[in-house]
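Participant: coordinates only, sequence not included:
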């Protein structure tokens, strides 16, 4: 049974030690010796001269947060989120059944408990008592059933549809006002994990228009202008007693990295997401702001479409992975803050296959594979942007490395505010960004044939079958064996070049308190209900 008294999802063991987040009450900061390349090894140090966290949070004020924008495609519909700024809005207007804690174990949110039957082919979710919507109506099982049917309906195009595809939504059953039985089409051993995504917010029964969204979240809707800003006010009846602390939350779209930092230093905003590595290194000396650092498996990988030339030939995909000088990419694009990757997502999460050999640069083998594929003098365009720290820098560095293998790469630098709303998912060779998701949730979003973000065009029914068998296997040992095979196929033939992992680095004004690093996403996983202003 999954309850508030046993919130860590079983059968997960605690995550690897490097992912154990230090519980800081003061703001975390990067630490590095003068003259040395800064590295992060899971330890946070208080910023020199930073004020000590007060024992009791202060109330009031407006929290202003600068985010990477998504242009006119931005939304406040929690099931349609695309850009990071959409995630932030969704988390603060709506609640999910479960969420990821800073140690990446599952915590009950709107759900009080989840309990499976003996075969994990049906789960029963019990909701919290006393939760109300922003319009005063009580949260009920009908809201959960409506939400799941909205997300996973037969004609659904919502992001979460692939995550809950194995829930038999037609036969969801309301046992009482606060209890829902969820029959499954196949066994799922870790169902509560699937509700942690930002795209799984619970919406009110019957909700269709989100021009003025009503949620159960810590903040209530006031206004929204896509590509510019949104304004929310404190929910005085929030179920988490005493929170949020600030009166208002203003979320601003600021796509340019330099403009975001300048807005923070200049006092126009109180917090920003995605401080790039050069900015972080500079702020270690200047100390104009505090840095919130979460050790995690953030990735800015290169994507190769497995069904489009020239990458539909697996030998080309393998060659490009062998071209990559991973330590050099980490140094060039992340200024040494990150760690090298091995073309698999989720390093540090339970279930990540560490037994696979680390892939290293091998230019001779890369040239040989390209020759066999008839691509010895390959020319290709790599779509990139400054939408995420290290993205454009890694593209530029990789293009330079590719010359030694006879490959000419032209880097296309797209605008940050519309990078994911133009030709994303259509190009044959590009870059993307993922925060730290549980491995199976990420695979449902990025790799299943019907995944909403199938960036590498990985359409493999036999792989889908193996994945579904793995997640439905109750025996933990057998499930791990199957998941290792799932990852081995991706390591051999997939379309991701995951050259490195990076910490999440965000910026806070020195008077901002309450933020706790969370590997799941920026700014403490957008949990602004915890933030308060000491001024």
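Facilitator: Looks like it came in fine. Predicted model, so just to flag it, every value in this text is computed and none were measured.
Participant: C-alpha from now on. contacts and neighbour counts both.
Facilitator: Noted.
Participant: What count of nearby residues applies to the closest residue to residue 351 other than its chain neighbours?
Facilitator: Using C-alpha to C-alpha, 6 or more residues apart in numbering and skipping residues adjacent in sequence, the residue nearest residue 351 is residue 480, 6.3 Å away. When neighbours are defined as other C-alpha atoms under 10 Å, residue 480 has 18 of them.
Participant: now swap in residue 122 and tell me
Facilitator: 21.
Participant: Torsion angles phi and psi at it?
Facilitator: The phi and psi values for residue 122, taken as degrees, to the nearest 10, are phi -150, psi 140.
Participant: what sits against it?
Facilitator: When contacts are counted by C-alpha atoms under 8 Å, 6 or more residues apart in numbering, residue 122 touches 116, 181, 182, 183, 184, 187.
Participant: Do you have the strands of the stretch 151-300 of the chain handy? List them.
Facilitator: 173-176, 179-183, 219-225, 229-234, 248-253, 271-272, 290-298 (DSSP state E, counting those that start in this stretch).
Participant: Quick one, grab the pLDDT at the residue nearest to residue 433 when sequence neighbours are not counted.
Facilitator: In space, residue 433 comes closest to residue 300 once its chain neighbours are excluded; the distance is 4.5 Å by C-alpha to C-alpha, 6+ apart. Here the pLDDT value assigned to residue 300 is 94.
Participant: Distance check, residue 300 against residue 344.
Facilitator: 12 Å (C-alpha to C-alpha, to the nearest Å).
Participant: just residue 103 next, same as before
Facilitator: On the measure of C-alpha to C-alpha, residue 103 and residue 344 end up 21 Å apart.
Participant: between these two, who's got more neighbours?
Facilitator: residue 344 (23 against 20).
Participant: any idea how far stretch 360-369 is from the chain center?
Facilitator: 32 Å (C-alpha atoms, centre = their mean, to the nearest Å).
Participant: Other residues contacting that stretch?
Facilitator: Here stretch 360-369 makes contact (C-alpha under 8 Å, 6+ apart) with 315-316, 318-326, 376, 404-406.
Participant: contacting residues for the residue nearest to residue 433?
Facilitator: Going by C-alpha under 8 Å, 6+ apart, residue 300 touches 388, 390, 391, 431, 432, 433, 434, 498, 500, 501.
Participant: now the residues you listed as JSON lines including distance to residue 71?
Facilitator: Converted to JSON lines, those look like this (distance: C-alpha to C-alpha, whole Å):
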{"residue": "388", "distance to residue 71": "15"}
{"residue": "390", "distance to residue 71": "21"}
{"residue": "391", "distance to residue 71": "19"}
{"residue": "431", "distance to residue 71": "19"}
{"residue": "432", "distance to residue 71": "17"}
{"residue": "433", "distance to residue 71": "17"}
{"residue": "434", "distance to residue 71": "19"}
{"residue": "498", "distance to residue 71": "27"}
{"residue": "500", "distance to residue 71": "28"}
{"residue": "501", "distance to residue 71": "27"}
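Participant: out of the residues you listed, which are inside helices?
Facilitator: residue 391 (DSSP state H).
Participant: Check the contacts of residue 300 for burial and list the buried ones.
Facilitator: 388, 390, 391, 431, 432, 434, 498, 500, 501 (16 or more other C-alpha atoms under 10 Å).
Participant: quick one on the thing from earlier: what sits in contact with each of residue 300 and residue 344?
Facilitator: Joint contacts of residue 300 and residue 344 (C-alpha under 8 Å, 6+ apart) are residue 498.
Participant: For the residue sitting nearest the centre point of the chain, which non-adjacent residue is spatially closest?
Facilitator: The centroid of the chain falls nearest to residue 435 when counting by C-alpha atoms, centre = their mean (3.1 Å). Of all residues not flanking residue 435 in the chain, residue 298 sits nearest, at 4.6 Å (C-alpha to C-alpha, 6+ apart).
Participant: For that neighbour, give me its contacts.
Facilitator: The contact partners of residue 298, by C-alpha under 8 Å, 6+ apart, come to 433, 434, 435, 436, 501, 502, 503, 504.
Participant: Out of these, which two sit at the greatest distance?
Facilitator: 433 and 503 (12.7 Å; C-alpha to C-alpha).
Participant: pLDDT weak spots in the stretch 101-250 of the chain?
Facilitator: Along the stretch 101-250 of the chain, no part satisfies pLDDT under 70.
Participant: what about the helices in it?
Facilitator: 141-152 (DSSP state H, counting those that start in this stretch).
Participant: Kindly spell out which helices and strands sit in contact with the longest helix along the chain.
Facilitator: In the chain, assigned by DSSP H, the helix with the most residues is helix 476-493. The helices and strands touching helix 476-493, judged by 3 or more C-alpha pairs under 8 Å, 6 or more residues apart in numbering; DSSP states H and E, are helix 314-323, helix 461-471.
Participant: how about the ones you listed, which one is nearest residue 340?
Facilitator: helix 314-323 (12.7 Å).
Participant: In terms of secondary structure, what does the closest one contact?
Facilitator: With contacts taken as 3+ C-alpha pairs under 8 Å, 6+ apart, helix 314-323 sits against helix 363-372, helix 391-402, helix 476-493.
Participant: lowest average confidence, helix or strand, in this structure?
Facilitator: Sorting the helices and strands of the chain by mean pLDDT, DSSP states H and E puts strand 45-46 at the bottom, at a mean of 30.
Participant: what angle do the helix or strand that comes right after that one and strand 229-234 make?
Facilitator: Remark: after strand 45-46, the chain's next helix or strand is strand 62-67, criterion DSSP states H and E. Interaxial angle, strand 62-67 versus strand 229-234 (axes from the mean of the first three to the mean of the last three C-alpha atoms, to 10 degrees): 140 degrees.
Participant: Report the strands that pair with strand 62-67, each with its relative direction.
Facilitator: strand 248-253 (parallel), strand 271-272 (parallel) (DSSP bridges).
Participant: Other residues contacting that strand?
Facilitator: Contacts for strand 62-67 (C-alpha under 8 Å, 6+ apart): 84-85, 246-255, 260, 268-273, 532-533.
Participant: now stretch 447-467
Facilitator: With C-alpha under 8 Å, 6+ apart as the criterion, stretch 447-467 contacts 157-159, 162, 303-307, 424-426, 428, 444-446, 482-483, 486, 494-496.
Participant: just the buried members of those?
Facilitator: So, by 16+ other C-alpha under 10 Å, the buried ones in these are 158-159, 162, 303-307, 424-425, 428, 444-446, 482-483, 486, 494-496.
Participant: ok, which stretches of the stretch 301-450 of the chain are strands?
Facilitator: Going by DSSP E, counting those that start in this stretch, the stretch 301-450 of the chain shows strands at 302-304, 339-340, 379-385, 408-414, 429-431.
Participant: Flag every buried residue along the third one.
Facilitator: Right, the one you point to is strand 379-385. Here strand 379-385 shows 380, 382, 383, 384, 385 as buried, counting by 16+ other C-alpha under 10 Å.
Participant: Can you name the residues that contact the last one?
Facilitator: The neighbours of residue 385, taking C-alpha under 8 Å, 6+ apart as the test, are 391, 392, 412, 413, 414, 415, 416, 419.
Participant: Quickly list what it is bridged to.
Facilitator: residue 414.
Participant: What distance do you get for it to residue 198?
Facilitator: 24 Å.
Participant: returning to that earlier point: of the helices and strands packed on helix 476-493, which is nearest residue 140?
Facilitator: Set against residue 140 and scored by C-alpha to C-alpha, the helices and strands packed on helix 476-493 come closest in helix 461-471, at 28.9 Å.
Participant: For the closest one, list every residue counted as buried.
Facilitator: Buried, per 16+ other C-alpha under 10 Å, within helix 461-471: 463, 464, 467, 468, 469, 470, 471.
Participant: and if you look at stretch 251-265?
Facilitator: 251, 252, 253, 254, 255, 256, 257, 260, 261, 263, 264, 265.
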